[in-house]
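>>> kindly return the folded structure for what I paste below:
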Amino acid sequence: MKDNTSEEVAYSSSVFIRVIEYLSFGAAVFSAVLVVFTLLMTGYSVFQRYVLGTPLTWTDEMSGFLVVAIVMLGAAETLRRGEHISVDLLTSKATGKRKKALGLWSYIATAFLAAIIFISTWEAVKFSYTIGVYSSGYLEAPLWIPQSFLLFGAGLLFLISVARGGESLFKRGDD
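Purely as a prediction, here's the structure:
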């Protein structure tokens, strides 16, 4: 995997794009912290269950919420760094304008999907908050809180997609 981080940040001259990139990086750092927290929480739960014989009832539900947060908070940074999933069969063989067109198409498709996720999640968060929906497990958490990570991640993914697509479209040369 190649790391385009410094090259791409240097190319991004817009303050708006730099702010989005810093938000993306911050979300990825928070996502990494959540990975460590989830690991520690799961280890503690296993210790409680198998060593002390007192299982914790809320950790499975919390882990599920955290996995969604981890994925959504890391998605924009992954795209920003150029490490998102791609169809190498097409992109590795393309050159010049075709490669640029495939790259632009991938940013458009990602932005479209992120917008759909954002809009549907916005409705779900609004609904959950308005009527006070809580999770059905032992945690009984207000659902709008874990849903908000999906909303934030989709919004950030959309912004990164649009920013990278715009850079790709207006960048000189066939690279």
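>>> going by C-alpha atoms from here, please, whenever you check contacts or count neighbours.
OK.
>>> and the helices in the protein, which stretches?
Counting by DSSP state H, one finds helices in the chain at the ranges 5-11, 15-50, 59-80, 88-91, 96-131, 144-170.
>>> between the ones you listed, which one is closest to residue 138.
Using C-alpha to C-alpha as the criterion, the shortest distance between residue 138 and those is 7.7 Å, found for helix 59-80.
>>> could I get the closest one in PDB with only the CA atoms?
Output of helix 59-80 as PDB, limited to C-alpha atoms (Å, rounded to 0.1, in the frame of the first residue of the first chain):
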ATOM      1  CA  THR A  59     -20.200  -5.600  26.900                       C
ATOM      2  CA  ASP A  60     -21.500  -7.400  23.800                       C
ATOM      3  CA  GLU A  61     -24.000  -4.700  23.000                       C
ATOM      4  CA  MET A  62     -21.400  -2.000  23.600                       C
ATOM      5  CA  SER A  63     -18.900  -3.800  21.400                       C
ATOM      6  CA  GLY A  64     -21.500  -3.800  18.500                       C
ATOM      7  CA  PHE A  65     -22.000  -0.100  18.800                       C
ATOM      8  CA  LEU A  66     -18.300   0.600  19.000                       C
ATOM      9  CA  VAL A  67     -17.500  -1.500  15.900                       C
ATOM     10  CA  VAL A  68     -19.900   0.700  13.900                       C
ATOM     11  CA  ALA A  69     -18.200   3.800  15.300                       C
ATOM     12  CA  ILE A  70     -14.700   2.400  14.500                       C
ATOM     13  CA  VAL A  71     -15.600   1.600  10.900                       C
ATOM     14  CA  MET A  72     -17.400   4.900  10.200                       C
ATOM     15  CA  LEU A  73     -14.800   7.100  11.900                       C
ATOM     16  CA  GLY A  74     -12.000   5.400  10.000                       C
ATOM     17  CA  ALA A  75     -13.600   5.300   6.500                       C
ATOM     18  CA  ALA A  76     -12.900   8.900   5.500                       C
ATOM     19  CA  GLU A  77      -9.200   8.800   6.600                       C
ATOM     20  CA  THR A  78      -8.800   5.600   4.600                       C
ATOM     21  CA  LEU A  79     -10.200   7.300   1.500                       C
ATOM     22  CA  ARG A  80      -8.100  10.400   2.100                       C
END
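>>> same for it, what does it pack against?
Packing contacts for helix 59-80, counted by 3 or more C-alpha pairs under 8 Å, 6 or more residues apart in numbering; DSSP states H and E, involve helix 15-50, helix 144-170.
>>> and it, what's buried?
Using 16 or more other C-alpha atoms under 10 Å as the test for burial, helix 59-80 gives 59-63, 65-66, 68-80.
>>> now stretch 28-44: average pLDDT?
The predicted model assigns stretch 28-44 a mean pLDDT of 96.
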